[in-house]
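>>> return atomic coordinates for the entry below.
(chains A and B)
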Amino acid sequence: MNCKTSIILTGVGGQGVITAANILGKAAVRGKINVYVSEVHGIAQRGGAVNCTVRIGDLSGPLIATGTADVILSTEPVEALRNITYASKKTKVITDINPVIPFTVAMGGEEYPNLDDVFKEIRSCAELYKIDASKIAKKSGATITKNIVMLGALAATDVLPFKSEILLETILDNVPAKYKDINKKAFEDGMEVIKKILGFSL
Amino acid sequence: MEITEDKVGKQILLLGNEAITRGALEAGIDVATTYPGTPSTEIADTFSKIAKQATKQNKDPGFYFEYSTNEKVALEISAAASFCGLRTLTCMKHVGLNVASDVLMTYLYVGCKGGHIIVSADDPSCHSSQNEQDNRYFALFGNAPMLEPTTPQEAKEMTRRGFDISEELQLPILLRTTTRLNHTRGVITLSKLQKPRGKGHFEKDPLLALVPVSARVKHPALLKKMEQAKKISEKSPFNTILNIGKPTDIGIVASGVSVNYVKEVAGVLKLDVKILKLGMTHPIPRKMCEQFIKSCNTIVVVEELEPILEQQFKTLAYDINSDVKIYGKSTDHFSRLYEYSPDIVADAFSKIFKVKNPFQKPVQPKLKLPSRPPSLCPGCPHRATYYAVKKAAPKGTVYPTDIGCYTLGKAPPLEIADLLLCMGSNAGTACGLAVSTDQKIVSFMGDSTFFHSGIPPIVDAVHHNHDVVITVLDNRTTAMTGHQPHPGTEYDGMGRPAKLINVEDVVKGLGVEHIEIVDPNNIKETTAAFKRALDFRGPAVVVSKSPCILLELQRKRKSGEEKSVYCIDQEKCNQCKTCIGRFGCPAFYYAEDGGIHIDEMQCNGCGNCVQICPFDAIHKKEGNK
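Coordinates of the predicted model:
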């Protein structure tokens, strides 16, 4: 299949970014499309910033050149902006709106920027889609499904070269049986929010 | 488990490291050993997972696996298995091969019998390492045939076929990977699983015991084997030429993950090039390379870190009187530093071929963003130990540290990591400081590090009566790399019961006269213990014992025990900032009301902050949901 999709998934350690990247990779395999996923491990995982890449289609290798990401999917607003170097005007930046304040701010010395300024700068570089994924996840039954809400949001755009059903099936295959309903709802609600923004209806 | 399925042709998504494990299973692996280290860890963890599941089901996994005491021991165990005719794999991070290099250099003289793959996982950019040494030099240094995969699929194939090459040459094969390969997931096509050989037999041979007489026989034998290896390299399917665009006299030489970037950038720039993709990079296929040089008027060598291929190509060009122009590090188009990316390759190609770089210049956010470094987890017992030490030790005390989670104590506000070189260096450098300065010395190492290489320097401290305090932060696991067992745990990597060796028993046996065993969660007593240790003239060892908070949480989840949560009484809080500014637990934050609060999501309920608050403002939250 002749397609090329480059996605950056970013956020804070513990928000399920690596899991989401892995699920996206598995979905591509299910859709019979080539895929590379790059991850961070080891010392990078202890509560720090996390950045994964997923590249689907006729591509060689997992790394994304600056200004060439199709989507930046972020579970935290500042982390979305931190990765803006990968964005162009055509890039869709989908980010959760809830900040996670790093301890470097609490200890003094560093400042968490004004959220409106963060969104303004992202908007000046790319297409911005804001989503209250934490709230949607909580409503679906478990805050831990925030990463799945984000995958739903991603599926609502036209960038994935496979159907959203394939992604949902892959998610459900990779969560324990008793959490399937919660994850399904999280995915669908995330999808709905972005579809509304994009002017579609479910 | 998907990774152990015997479904030929099935495509699954695997991490580069998992692909290596799968390759070993497809080659009928008998014995696998390691010492965990990022970015190599998941190779071994996958063996461990498979073995544990088999143990649980009372089945034989078909192979023996262990997390060895250190990389040297791991390589010795594997080498012995190979002498018995078994197929074996040893994996480690790049600096682990330094530890195992004493074995490697002579093992290559002796040669192997059963196929042996030694995985060196290098870490360009030092993502999680203390240096970015290029271990391809070990292949040249010791004469080890070397394979370098470009994709996870190729990593699996090189592992599988590497065992055959190893047995054909009777030499261990160095499978050299980099972080970007180890931690990339890719589509893997499964091949047939091969049945392991089971038990082997040690055939006695006087040339297996290396003394000067046998070494002088074995060294020329090794060189002869490398001549044979050159022939294998000439015919190896891992060395290929890829043509991009029209026929051309522009050649690119690349190995490892760099091949990916070259392919991508050549496509984007619409360059006509031929890529000599080298997968068997030691010895290089000399004739193939000579032919390639003859067919080109320009060659660009793209390899991360050291100019190892570049130098060999320059030598070859000289030998065949070629006037081909070779670009690379020597022409300053590529760096010897850090890992490459499509951007870096595009930048170099645009300069060499005088075309426009298609990628935008990296833009940085205009807003100043707060840094988000990794930190000790909320509830980490190391934080409590560090806090107590800082209270006990006089100003100017030097804190040599070591490799593990506890290295994160380097960050403010604890700032308790002054000197670090390698595994085990804390105690050795502590001894050196003790003879060189009058400053007080308190060093730190983890329990796994203690067994790995922390014992010999303690012997040195005892024998020479160095005035040092050596701390073993005993959190009952190898935490940083993902909670692997070690000689101080009561189970092994296959999930079988194992003999637990107590740190304090070992230290006592070494002759340390002042030993303190403390629970760091009692900060007052821990502080007092460090004071006593500092007052003692001569070597003192403090064993600070408390399980990793992540293991504790796991235990609580399993037993249905609730996680406690703590909160701050705003009336009592004086905003002295001891909790935020000196203890530094990431669960503390300033809320919009200006008060200091505890983030319940982050708090892991250790309760140590209750002990450090001078105003008694922190207490357990009652009626926690």
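>>> what about the nearest residue to A:Ala142 once chain neighbours are set aside, which helix or strand?
With CB to CB, 6 or more residues apart in numbering or on different chains as the criterion, A:Ala142 has its nearest non-adjacent residue at 5.3 Å, and that residue is A:Ile182. Any C-beta I mention is one placed from the backbone N, CA and C, and that applies to glycine too. Element membership of A:Ile182, judged by DSSP states H and E, is helix A:180-198.
>>> burial measure for residue 15, as a count.
Unless you meant another one, I'm taking chain A. 24 (other CB atoms under 10 Å in any protein chain shown).
>>> that answer is for a different chain, and I need it for chain B
For B:Leu15, the neighbour count with other CB under 10 Å is 26.
>>> quick one: the residue nearest to A:Ala142 from chain B, how far?
Here A:Ile182 is placed at a distance of 18 Å from chain B (CB to the nearest CB, to the nearest Å).
>>> isn't that residue up against A:Lys138?
No: when contacts are counted by CB atoms under 8 Å, A:Ile182 is not listed as touching A:Lys138 (10.7 Å).
>>> so which bits of the one helix or strand B:Asp164 maps to are buried?
Using DSSP H and E, B:Asp164 sits within helix B:152-169. For helix B:152-169, burial by neighbour count (16 or more other CB atoms under 10 Å in any protein chain shown) applies to B:152-163, B:165-167, B:169.
>>> who are the contact partners of residue 26?
If you meant another chain, say so; for now it's chain A. Contacts here follow CB atoms under 8 Å, 6 or more residues apart in numbering or on different chains; on that basis A:Lys26 touches A:Thr170, A:Asp173, A:Asn174, B:Leu13.
>>> you answered for a different chain; I wanted chain B.
Contacts of B:Glu26 by CB under 8 Å, 6+ apart are B:Lys156, B:Thr159, B:Arg160, B:Leu190, B:Ser191, B:Lys192, B:Leu193, B:Gln194.
>>> backbone dihedrals for the last one, please?
Torsion angles at B:Gln194 (phi, psi; degrees, to the nearest 10) stand at phi -100, psi 150.
>>> so it sits against B:Gly28, correct?
Yes: with contacts counted by CB under 8 Å, B:Gln194 reaches B:Gly28, the gap being 3.5 Å.
>>> among these two, which residue is more densely surrounded?
Taking neighbours as other CB under 10 Å, B:Gln194 and B:Gly28 compare with B:Gly28 leading, 20 against 17.
>>> what score does A:Gln45 have for pLDDT?
A:Gln45 carries a pLDDT value of 61.
>>> ok, residues contacting the lowest-mean-pLDDT helix or strand in chain A?
Counting by mean pLDDT, DSSP states H and E, chain A has its least confident helix or strand at helix A:103-106, which shows a mean of 88. Under the contact criterion CB under 8 Å, 6+ apart, helix A:103-106 has outside partners A:110-112, B:370-373, B:375, B:580, B:584, B:586, B:588-590.
>>> show me which of those residues is closest to B:Val213.
The nearest member of the contacts of helix A:103-106 to B:Val213, counting by CB to CB, is B:Pro373 at 55.3 Å.
>>> surely that closest one is in contact with B:Ala411?
Yes: between B:Pro373 and B:Ala411 there is a contact under CB under 8 Å: 6.2 Å.
>>> who has more neighbours, these two?
Legend: neighbour count by other CB under 10 Å for B:Pro373 and B:Ala411, higher for B:Ala411 (19 against 16).
>>> residues in contact with the more buried one?
B:Pro373, B:Ser375, B:Gly584.
>>> what pLDDT does the model give the last one?
Right, the one you point to is B:Gly584. 94.
>>> for the helix-or-strand element of chain B with minimal mean pLDDT, packing partners?
Among the helices and strands of chain B, strand B:588-590 carries the lowest confidence by mean pLDDT, DSSP H and E, at a mean of 90. Packing contacts for strand B:588-590, counted by 3 or more CB pairs under 8 Å, 6 or more residues apart in numbering or on different chains; DSSP states H and E, involve helix A:103-106, strand B:596-598.
>>> nearest to A:Lys195, of the ones you listed?
Here helix A:103-106 is closest among these (CB to CB), at 34.6 Å.
>>> next one: that closest one to chain centre, how far?
Relative to the centre of its chain, helix A:103-106 is centred 24 Å away, using CA atoms, centre = their mean, to the nearest Å.
>>> got the CA positions of the helix or strand following it in PDB?
Of the helices and strands lying after helix A:103-106 in sequence (DSSP H and E), the nearest is helix A:115-125. Taking C-alpha atoms only, helix A:115-125 is exported to PDB below (Å, rounded to 0.1, in the frame of the first residue of the first chain):
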ATOM      1  CA  LEU A 115      -1.900  27.800  28.700                       C
ATOM      2  CA  ASP A 116      -3.400  30.300  26.200                       C
ATOM      3  CA  ASP A 117       0.000  31.300  25.200                       C
ATOM      4  CA  VAL A 118       0.900  27.700  24.600                       C
ATOM      5  CA  PHE A 119      -2.100  27.100  22.400                       C
ATOM      6  CA  LYS A 120      -1.500  30.400  20.600                       C
ATOM      7  CA  GLU A 121       2.000  29.300  19.700                       C
ATOM      8  CA  ILE A 122       0.900  25.900  18.600                       C
ATOM      9  CA  ARG A 123      -1.800  27.500  16.400                       C
ATOM     10  CA  SER A 124       0.800  29.800  14.800                       C
ATOM     11  CA  CYS A 125       2.800  26.700  13.600                       C
END
